[in-house]
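K.L.:
next comes the sequence, and after it the predicted model I'd like to discuss.
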Amino acid sequence: MSDLKKFDKEGKPLNLIPTANRSIQANWIQKYYDDPSSVEPSAEDIKCELQLQALSDFEPLNFLIDPGQFRREIAKYENSWKPYLRREGVSNDREGLLLVGMEGDTPEDESSRPEKMRAAGRWIHEDEFNVPTQAYHDLTCLHDLLNYWQPLGRTFLVRCNAGGWFPPHKDDPLINRRCFRVAAFLGPNVDHEAFEWVQDGRTVPIKKDRAYYVDTRKTHRTHAFVDNSIHLIMNIPKTWENVIKLITATKWF
Ligand SMILES: [Fe+2]
């Protein structure tokens with residue numbers, strides 16, 4: 001068996017990305033010194049974030065994905081999953097399938113932003129991914145949820161296999177973030193016997209097939225105990241209209 005830190009399960013070399021450099025990426029005060037506008041919230045940011053703050057960190061939404069339909073529709077993509085954001089020196093069996101990417105992207109293209117930025121050689125914002133791929137069109141079981149927001153930012157499926165994980169991180173802690181996130185948990189392997197999402201220090205109860213607003217400004221981490229644990233990650237442009245749409249879609253009112 002080849003070194004799974006360097007090769008995928010077929011033995012092909014992984015596209016390895018250096019470990020995140022926290023002293024640069026999370027040096028918010030240096031960003032402020034370099035360009036104060038880069039961390040400055042607009043009046044719209046403050047309005048939207050204050051309203052989002054009224055929701056739970058992990059807020060159930062009125063979208064349930066039909067599990068049988070998902071199983072049938074995802075089958076043709078069985079060989080399309082690509083290793084997702086594999087870091088140097090780390091074993092992490094997780095894969096991606098791209099649903100909303102950039103012009104010309106296929107479902108097999110990079111789903112992660114660091115990989116995409118390295119390929120493009122420039123910074124890319126989540127809302128610069130705004131073109132649906134063929135997988136978006138084919139996965140009609142997701143259309144009620146996906147089409148509710150238009151346009152969407154970077155949207156993709158993650159498949160964690162046994163031992164696949166995301167370390168503790170914040171997607172973006174600043175309130176001038178351009179997108180907020182909705183996640184949905186798909187297929188049979190997403191409840192506590194197969195997968196856990198720890199949000200701000202607490203393991204959240206996940207109902208399979210349901211979509212949730214997740215406050216990813218707060219620290220979160222995930223891990224899978226079995227193969228084929230699939231969740232959908234959506235970046236939704238943070239407009240006032242989309243915030244009100246989100247509030248409208250919450251399960252509890
Ligand atoms: Fe995250």
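P.N.:
Looks like it came in fine.
K.L.:
give the burial count for the closest residue to Trp123 other than its chain neighbours, as a bare number.
P.N.:
Spatial nearest neighbour of Trp123, excluding adjacent residues (CB to CB, 6 or more residues apart in numbering): Met117 at 6.2 Å. Using the backbone N, CA and C atoms, a C-beta is placed for each residue, glycine as well. Per other CB atoms under 10 Å, the neighbour tally for Met117 reads 15.
K.L.:
so Met117 touches His125, yeah?
P.N.:
No: contact criterion CB atoms under 8 Å: Met117 and His125 do not qualify, at 10.0 Å.
K.L.:
now do the helices in the stretch 151-253 of the chain.
P.N.:
240-248 (DSSP state H, counting those that start in this stretch).
K.L.:
how about Glu44: what's its closest non-neighbour residue?
P.N.:
Per CB to CB, 6+ apart, closest to Glu44 is Trp240, 6.5 Å.
K.L.:
tell me the contacts of that neighbour?
P.N.:
44, 47-48 (CB atoms under 8 Å, 6 or more residues apart in numbering).
K.L.:
ok, of those, which come out buried?
P.N.:
Using 16 or more other CB atoms under 10 Å as the burial test, the contacts of Trp240 include Cys48 as buried.
K.L.:
which SS class is the closest residue to Thr133 other than its chain neighbours?
P.N.:
Distance criterion CB to CB, 6+ apart; nearest residue to Thr133, sequence neighbours excluded, is Pro107 at 4.8 Å. Here Pro107 is recorded as coil under DSSP: H, G, I helix; E, B strand; the rest coil.
K.L.:
what number of residues lie near Pro107?
P.N.:
Other residues close to Pro107 by other CB under 10 Å number 22.
K.L.:
surely it and Val100 touch.
P.N.:
No: applying CB under 8 Å as the test, Pro107 and Val100 come out as separate, 10.5 Å apart.
K.L.:
list residues touching both of those two?
P.N.:
Going by CB under 8 Å, 6+ apart, residues that sit against Pro107 and also against Val100 are Thr133.
K.L.:
any regions of the stretch 1-150 of the chain where pLDDT drops low?
P.N.:
Low-confidence segments of the stretch 1-150 of the chain (pLDDT under 70): 1.
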